[in-house]
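Participant: Predicted model follows, preceded by the sequence.
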Amino acid sequence: MHIPDGILPGSVCAAGYVAAGAATALSLAVVRRQADPHQVVPKASTLTAVFFVASWIHVPIPPASVHLVLNGLLGVVLGPFAFLAILVGLFFQAVLFQHGGLTTLGVNATLMGVPALAVGALFGLGARLWVRSSRWAAVFGFAGGSLATVLSALGFAVVLVATVPAALDPSLRTTGVTALTLAHLPLAAVEGVFTAMVVLFLRKVQPDLLHGWRR
Amino acid sequence: MTQLSDSGSGARTHLDVRDLEVSYTERVQVLRGVSFDVAEGERVGVVGPNGAGKTTLFLALSGVVTPATGSIWIEGEAVLPGTFREDVGLVFQNPDHQLFCPTVEEDVAFGPRNLSLAPDMVSARVAAAMAETGVTELADRVPHHLSGGEKRMCSIATVLALQPRLMIYDEPSASLDIRSRRRLIKFLLASPATSLIASHDLELVLEICPRTIVVDGGRIVADGPSREIMDDAALMERHGLERPHSLVPHVVPHHHDL
Amino acid sequence: MAPVIDLDRYSGLDSPVHRLEPRSRLLGFAALIASFAVVHNPVLLAPMLGLAAAAVVASHLPWEFIVRRLRAPMVLVLVLGVVLVLASGGEVLVRLGPLAIHADGLGQVGVIAAKLAAIGAVALVLFGTAPLPTTVVAMRRLGLPSLIADMIVFSFRAFHQIGVDLRTMRTAAGMRGVRWQNRHPGAPSRLGTLARMVGSLFVLSNARAEQVHQAMLLRGYSGDAPLGPPRPVGPASAAFVVLAVAIAVGLVVAEWQLGVAG
């Protein structure tokens, strides 16, 4: 789900950077309102690094084997920091591994980061439920992981289909979007299950790592 | 493959290593011409400076690392390179790398469950491993919350549950407090398993292992009774080690006035 | 599983590009990359690729390094290209049974591949000719918020250790019977095992991060580490920025003009 360089028109890349810039500014504002944002930098950076390393894990989803995206998981663990972590993570993936593009960094960050923020916010709002009950934790974890993937896939599908094949029949565009999004449903299910499992684990082992946790 | 032991005790040869050579791509040779054998039930200390090749040797014995040449036989069966072997139990230096379940009991059960053993067999093995390492009361605790000594014994339990034929310990006493270290020593002395113990804690090796192998620069440079080897000050110093304090004769005053 | 991080391998060479002042290098190449993103007209592909090639040559980076790293995204793009070639409208070049190869699609694939090559190559020149922390400092001087700059540097340092941790955990799990390829029936779920490892990595790394943070506080860190005085911008670097920006603007204008005319 990382759009490489060269595919999107310059105008879309620019729009992506504008959107990412706005989301970054918003995230920074929220983060800075906390007592000392620099307290959280080592934690957020390490979790960014874990996200980055974990995204190399292959999960076989026939017929292929894919990398996990894990933006939902980042959302439930980092909350408002998730966008920044995804931005930095994508930067590294583009620069170190040429996975995803630099000109498309803005677009990719927006499409992956905004759903992460949304999922994180929902997760935080539902804290009262999942703090008390592991069943709710599993539900929220699954919903968060799969929803983030579906929203990102939908966003990617729309961007790709709208901008890429200039001569494509308009009626095919809706089909294209639907097809691309549906193709991501198996991945969304796997991400949902995986996120739920990690949430359950963290809830037991170190619940203060989950966004919204309070005793 | 002869089962006669060269260790002189008449016991069956348990582990036989011949002419082992291991290279990684970046460095030339990490292990060269390593040959030794270990009798059943023997406890052998493996000492040497950092970078000598001890960890690589252990990974080769476990089948994780593929040797360039040479052979490894465990109870007459060859270790096929590139296949993980559950009958070699390797206790890693950092217990955090081996403990990742939400409870100790699940972590100890993880190995037997991966072997698809029947549930009652799994429970039996878990109980036995936890009893042997003295961590039965920790069964429902979260491994990440335990102290260093407790984690160490739990990580040993997770390996024991697979009932390996050969136990290898990589720096088992690192970062342990005195009490935990003593508990570890008691456990090792009571353990009937054939064991290789790599440690910088020379006193521990001296206390537990009748025999010591010194590894330096990828080669075995000495192999013999622990007291003899460790008492040879020149040999120890030549290979980045020193004589354990307990072997230094208290004839000439040598404690500095602090 | 984990790819080798060797971006910094050639950051110590001595070339005209390596000798550029960091902010100038960043600005100039960023301008070029941005202009490449705008290029679409086939006429401009050759100059774009020529500029990228010139940058690679000037940097002394081995071509093998560039080609190897661009292989994977190229494959992705070519896969997309297959879709385009078969599905886009316009004039049909060749029919293969029920499938038709469209000229428009072929043209588009060519443009995309060329842009990817050019942008990718220049990006490698930009980031491969200096250690990453140096480039991040330049980004900070040019306005990147210090919080993000800090995150980049800390994450970069953490990768190696975390990669080692994960690799060791997987080895240890393998020695306890986990078969990632062919699971024994009745064995614990592999996804579950991975989830617990990732969770454990979070817990471990977080604990380590707190220790690092404490160590930093003890050494006077309070966020917003003051940067030393910047390297002065020499005439070569200044000339490079002016030239690169001029070329970038030129490309954009040319693209616009060709678009208007065509």
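Facilitator: Good, I have the coordinates. Numbering: from 1, shown residues only, chains lettered A, B, ... in the order given.
Participant: What is the helix or strand hosting residue B:237 packed up against?
Facilitator: Assigned by DSSP states H and E, residue B:237 belongs to helix B:233-238. Applying 3 or more Cβ pairs under 8 Å, 6 or more residues apart in numbering or on different chains; DSSP states H and E, one finds that helix B:233-238 contacts helix B:226-231. In short, each C-beta sits where N, CA and C put it, glycine included.
Participant: what about the helix it packs on, distance to the chain center?
Facilitator: When distances are taken as Cα atoms, centre = their mean, to the nearest Å, helix B:226-231 is centred 19 Å away from the chain's centroid.
Participant: buried sites along it?
Facilitator: Across helix B:226-231, burial judged by 16 or more other Cβ atoms under 10 Å in any protein chain shown covers B:226, B:229-231.
Participant: Now do the phi/psi pair for residue B:70.
Facilitator: Note on residue B:70: its backbone torsions stand at phi 100, psi 180 [degrees, to the nearest 10].
Participant: what's the spacing between the closest residue to it other than its chain neighbours and residue B:63?
Facilitator: Distances taken as Cβ to Cβ, 6 or more residues apart in numbering or on different chains place residue B:20 nearest to residue B:70, at 3.6 Å, with adjacent residues excluded. For residue B:20, the distance to residue B:63 equals 13 Å [Cβ to Cβ, to the nearest Å].
Participant: sorry, back to before: out of the buried residues of helix B:226-231, which is nearest to residue C:50?
Facilitator: Nearest to residue C:50 among these, counting by Cβ to Cβ, is residue B:229 at 68.3 Å.
Participant: Contact partners for the closest one?
Facilitator: B:212, B:214, B:222, B:235-236 (Cβ atoms under 8 Å, 6 or more residues apart in numbering or on different chains).
Participant: and residue B:101, what does it touch?
Facilitator: Applying Cβ under 8 Å, 6+ apart, the residues near residue B:101 are B:107, B:110, B:143, C:196.
Participant: if we go to 10 Å?
Facilitator: A:201, A:204-205, B:107-110, B:142-144, B:158, C:188, C:192-193, C:196-197, C:199-200 (Cβ atoms under 10 Å, 6 or more residues apart in numbering or on different chains).
Participant: do residue C:210 as well
Facilitator: Taking Cβ under 10 Å, 6+ apart as the test, what residue C:210 contacts is A:39, A:42-43, A:46.
Participant: Closest to the centroid, which residue in chain C?
Facilitator: In chain C, the residue lying closest to the centroid (Cα atoms, centre = their mean) is residue C:123, at 6.3 Å.
Participant: can you check chain A too?
Facilitator: The centre of chain A sits closest to residue A:71, judged by Cα atoms, centre = their mean, with a distance of 2.6 Å.
Participant: Is that residue in contact with residue A:110, as I believe?
Facilitator: No - the pair residue A:71 / residue A:110 is not scored as a contact, 11.5 Å apart, by Cβ atoms under 10 Å.
Participant: Can you tell me who the residue nearest to residue B:70 pairs with across the strands?
Facilitator: Beta-bridge partners for residue B:20, by DSSP bridges, are residue B:34.
Participant: And for it, the neighbour number?
Facilitator: Using other Cβ atoms under 10 Å in any protein chain shown, residue B:20 is surrounded by 24 other residues.
Participant: Kindly report the same for residue C:82.
Facilitator: For residue C:82, using other Cβ under 10 Å, the count is 13.
Participant: ok so, going back, overlap in contacts of residue A:71 and residue A:110?
Facilitator: Common contacts of residue A:71 and residue A:110, defined by Cβ under 10 Å, 6+ apart, comprise A:83, A:86, A:152.
Participant: Give me the subset of those residues lying in strands.
Facilitator: Secondary structure defined by DSSP state E assigns none of the shared contacts of residue A:71 and residue A:110 to strands.
Participant: who wins for neighbours among these?
Facilitator: Ranked by neighbour count (other Cβ under 10 Å), the shared contacts of residue A:71 and residue A:110 have residue A:86 at the top, with 31 neighbours.
Participant: so how far is residue B:169 from the closest residue to that one other than its chain neighbours?
Facilitator: In space, and not counting its chain neighbours, residue A:86 is closest to residue A:113: 4.2 Å by Cβ to Cβ, 6+ apart. Applying Cβ to Cβ, the value for residue A:113 to residue B:169 is 45 Å.
Participant: which helix is the longest one in chain B?
Facilitator: helix B:119-133 (DSSP state H).
Participant: buried ones in it?
Facilitator: Neighbour-count burial for helix B:119-133 [16+ other Cβ under 10 Å]: B:122, B:125-126, B:129-130, B:132-133.
Participant: Keep only the residues you listed that also lie close to chain A.
Facilitator: Filtering the buried residues of helix B:119-133 for proximity to chain A by Cβ under 10 Å from any Cβ of the partner chain leaves nothing.
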